[in-house]
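Visitor: what's the 3D shape of this:
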Amino acid sequence: MRTRAAVLCASAAVLAGSVTAPPAQAAPAAPATPLAWKTCGSITYPTLQCASLKVPLDHARPSGRQITLALTRVPHTAQTSQGPLLVNPGGPGGSGLTLAGYVASALPKPVAAQYDVIGFDPRGVGRSSPALDCAPGHFKTVRPDTVPASAALERTNLARATSFATACDHKYADVLPYMDTVSAVRDMDAIRQALGAPRISYFGYSYGTYLGAVYAKLYPERVRRLVLDSVVDPTGVWYKDNLGQDYAFNNRHRALMAWIARNDATYHLGMDPAKIEAAWYAMRAALAKKPAGGAVGAAELEDTFIPGGYYDGYWPDLAQAFAAYVREKNTKPLVAAYEKFGAVDASGDNGYSVYAAVQCRDTSWPTSWKRWRTDTWAVYRKAPFMAWNNAWYNAPCAFWPTPKLKPVSIANTQLPPALLFQATNDAATPYPGGVTVHRLLAHSSLVVEDGGGNHGITLSDNTCLDTYLAAYLNDGTLPHGAGTADAVCKKSPDPKPQDTKAASTDSRGSTLHDLLGFRR
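Guide: All right, here's what the predicted structure looks like:
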């Protein structure tokens with residue numbers, strides 16, 4: 001999911017278009033037998049357990065067709081348990097199964113020991129069934145250039161978007177009407193009931209913050225603790241939020257260019273960020289004519305560099321590939337970077353199918369392509385890096401076959417105090433969203449990473465942020481400040497260019513961001 005960046009004092013007025021949450025339905029009847037947990041641990045997460053749960057496809061018809069959710073658990077080890085802690089990495093379309101193991105291992109041991117950390121694949125995702133895959137190979141290389149410089153190129157990209165929506169309709173017409181955030185929230189409450197817990201705690205990143213906030217709106221009395229990291233602006237779901245992201249990702253791309261300039265001794269691309277940025281766009285233009293390795297054209301180049309807007313730990317790999325192409329005409333590092341960061345496998349096809357199904361169903365999107373074209377060109381003139389790439393990524397929503405829902409107003413005065421985390425320069429879910437949700441959730445506290453640009457900031461090597469998280473999960477302690485932010489932490493240090501291998505594969509931050517993924 002995506003939005004726009006701002007400063008600490010940004011306004012966060014609620015848009016008048018938000019609607020009141022639908023009334024909570026009764027949870028489905030409890031299973032006759034408890035969840036059958038089986039050991040499924042790995043070398044990295046040896047205590048992980050797996051189970052599955054049947055839930056109604058349509059929660060308004062609990063005795064109707066059932067679907068299956070895949071679950072994982074790291075059981076508590078302390079004598080006294082604080083109950084389940086459900087975790088979600090975002091998306092929509094992200095798998096949370098491995099995230100349970102990561103969260104349990106990354107939290108301080110005395111804190112993690114108090115919780116049953118529960119991961120789950122939301123409906124349609126991963127090991128849940130049915131798992132959506134509307135158009136296998138939709139992102140196969142080489143795709144058309146995203147910038148529609150000609151009417152023919154625009155028609156080609158429009159055909160791709162409409163064909164994807166049509167393919168989803170043909171394969172999953174019976175499922176798509178039930179692929180939405182509220183249905184996923186009903187599933188979460190079914191998980192709570194299957195666990196035998198009167199209340200749950202919840203920890204969500206990115207889109208997972210919206211999922212958690214909607215759960216809290218529908219079931220406030222069933223929430224014990226609520227942690228939201230990198231917070232979706234609920235007043236812009238989803239068209240407006242995605243348009244706004246384009247500006248923020250352009251800023252993050254320029255931050256990468258500035259970082260490369262500061263490290264000219266390594267990359268030798270000069271010390272002027274503007275000239276380095278011009279070299280990047282020259283590389284893009286060249287790849288549009290002759291894709292690197294026959295695989296990385298202009299669209300794939302964008303896909304490769306967009307993850308750098310999510311996590312600066314990827315910058316050394318990206319800078320190395322960029323420099324090798326510009327200085328040596330060596331395409332191998334660029335192809336390797338694409339395969340690592342941009343290529344979409346079967347899991348990515350599944351994630352994109354769920355992403356589209358949920359976002360396109362959740363709320364209204366413009367149905368006139370003229371509106372999309374006008375808005376995107378207006379953004380492109382100021383922020384070209386991701387504008388058209390983002391537009392085509394979401395374009396199936398202009399042609400989506402299911403009726404549209406109205407977004408849930410997450411404003412909440414009944415919820416126990418919640419804890420929010422937000423970086424000021426986050427591109428995917430920018431700072432104003434965190435401020436907005438802080439104001440909408442009564443008694444919540446907001447912890448800000450001042451100057452930070454990563455998306456997903458807790459359990460990612462920032463000790464200051466993690467201290468607030470651990471204190472809250474341990475005993476409910478929250479910071480309370482006089483300003484917009486209740487607490488402010490310094491940003492994590494920029495990566496070092498010589499740490500290319502370590503930054504990409506070994507750090508805790510890299511492990512987390514590989515689990516969170518991109519486009520969320």
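
Visitor: Nearest residue to residue 41 in space, please, no chain neighbours.
Guide: residue 48 (4.4 Å; CB to CB, 6 or more residues apart in numbering). (Each C-beta comes from the backbone N, C-alpha and C, glycine too.)

Visitor: Buried residues in stretch 394-413, which are they?
Guide: 394-402, 405, 407-412 (16 or more other CB atoms under 10 Å).

Visitor: picking up where we left off before, and the gap between the residue nearest to residue 41 and residue 351?
Guide: 21 Å (CB to CB, to the nearest Å).

Visitor: Give me the subset of the buried residues of stretch 394-413 that lies in helices.
Guide: Judged by DSSP state H, the buried residues of stretch 394-413 include residue 394 as members of helices.

Visitor: Could I get the CA-only coordinates of stretch 287-304 as PDB?
Guide: The C-alpha trace of stretch 287-304 is given here as PDB (Å, rounded to 0.1, in the frame of the first residue of the first chain):
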ATOM      1  CA  LEU A 287      17.000   0.100 -21.200                       C
ATOM      2  CA  ALA A 288      13.600   1.000 -22.800                       C
ATOM      3  CA  LYS A 289      15.300   0.500 -26.200                       C
ATOM      4  CA  LYS A 290      17.600  -2.300 -25.200                       C
ATOM      5  CA  PRO A 291      16.700  -4.300 -22.100                       C
ATOM      6  CA  ALA A 292      19.700  -5.500 -20.000                       C
ATOM      7  CA  GLY A 293      20.200  -9.200 -20.400                       C
ATOM      8  CA  GLY A 294      17.000  -9.300 -22.500                       C
ATOM      9  CA  ALA A 295      15.100  -9.000 -19.200                       C
ATOM     10  CA  VAL A 296      15.400  -5.600 -17.600                       C
ATOM     11  CA  GLY A 297      13.600  -2.900 -19.500                       C
ATOM     12  CA  ALA A 298      12.300   0.400 -18.300                       C
ATOM     13  CA  ALA A 299       9.400  -1.100 -16.300                       C
ATOM     14  CA  GLU A 300      11.700  -3.700 -14.700                       C
ATOM     15  CA  LEU A 301      14.200  -1.100 -13.800                       C
ATOM     16  CA  GLU A 302      11.500   0.700 -11.900                       C
ATOM     17  CA  ASP A 303      10.500  -2.500 -10.200                       C
ATOM     18  CA  THR A 304      14.100  -3.000  -9.100                       C
END
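
Visitor: So the residue nearest to residue 41 sits against residue 75, correct?
Guide: No: using CB atoms under 8 Å as the test, residue 48 is too far from residue 75 to be in contact (9.6 Å).

Visitor: The two: which has the busier surroundings?
Guide: Neighbours were counted for residue 48 and for residue 75 using other CB atoms under 10 Å; residue 48 has more, 23 against 15.

Visitor: Confirm that residue 85 lies within a strand, as I assumed.
Guide: Yes: assignment of residue 85 by DSSP: H, G, I helix; E, B strand; the rest coil places it within a strand.

Visitor: So in this protein, which helix runs the longest?
Guide: The single longest helix within the chain, with elements called by DSSP H, is helix 239-262.

Visitor: For residue 507, give me the pLDDT.
Guide: The model reports residue 507 with a pLDDT of 84.

Visitor: For residue 232, see how far away it is.
Guide: Remark: distance between residue 507 and residue 232 (CB to CB) = 26 Å.

Visitor: Neighbour count for these two, which is higher?
Guide: A count of neighbours by other CB under 10 Å puts residue 232 above the other of residue 507 and residue 232, at 32 against 16.

Visitor: what secondary structure does the more buried one sit in?
Guide: With three-state DSSP as the criterion, residue 232 reads coil.

Visitor: From residue 284, how far out is it?
Guide: According to CB to CB, residue 232 and residue 284 sit 29 Å apart.

Visitor: Same check on residue 484?
Guide: 38 Å.

Visitor: try residue 400
Guide: Distance, residue 400 to residue 284, using CB to CB: 30 Å.

Visitor: With residue 44 instead?
Guide: For residue 44 relative to residue 284 (CB to CB), the value is 37 Å.

Visitor: Same check on residue 325?
Guide: Using CB to CB, residue 325 is found at 11 Å from residue 284.

Visitor: higher neighbour count, these two?
Guide: Using other CB under 10 Å as the criterion, residue 325 and residue 284 rank with residue 325 on top: 24 against 19.

Visitor: That one contacts residue 331, correct?
Guide: Yes: with contact defined as CB under 8 Å, residue 325 counts as touching residue 331 (6.2 Å).

Visitor: can you dump the C-alpha coordinates of the longest helix of the chain into PDB?
Guide: Extracted C-alpha coordinates of helix 239-262, given in PDB (Å, rounded to 0.1, in the frame of the first residue of the first chain):
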ATOM      1  CA  TYR A 239      -6.900   5.700  -5.000                       C
ATOM      2  CA  LYS A 240      -5.900   8.900  -3.200                       C
ATOM      3  CA  ASP A 241      -3.300   7.200  -1.000                       C
ATOM      4  CA  ASN A 242      -1.700   5.500  -4.000                       C
ATOM      5  CA  LEU A 243      -1.500   8.800  -5.900                       C
ATOM      6  CA  GLY A 244       0.100  10.500  -2.900                       C
ATOM      7  CA  GLN A 245       2.700   7.800  -2.700                       C
ATOM      8  CA  ASP A 246       4.200   8.900  -6.000                       C
ATOM      9  CA  TYR A 247       5.500  12.100  -4.500                       C
ATOM     10  CA  ALA A 248       7.000  10.300  -1.500                       C
ATOM     11  CA  PHE A 249       8.700   7.600  -3.500                       C
ATOM     12  CA  ASN A 250      10.200  10.300  -5.800                       C
ATOM     13  CA  ASN A 251      11.700  11.900  -2.700                       C
ATOM     14  CA  ARG A 252      13.100   8.600  -1.500                       C
ATOM     15  CA  HIS A 253      14.600   7.900  -4.900                       C
ATOM     16  CA  ARG A 254      16.300  11.300  -4.700                       C
ATOM     17  CA  ALA A 255      17.500  10.400  -1.300                       C
ATOM     18  CA  LEU A 256      19.200   7.400  -2.800                       C
ATOM     19  CA  MET A 257      20.800   9.600  -5.500                       C
ATOM     20  CA  ALA A 258      22.100  12.000  -2.700                       C
ATOM     21  CA  TRP A 259      23.500   9.000  -0.800                       C
ATOM     22  CA  ILE A 260      25.300   7.800  -3.900                       C
ATOM     23  CA  ALA A 261      26.800  11.300  -4.300                       C
ATOM     24  CA  ARG A 262      28.000  11.300  -0.700                       C
END
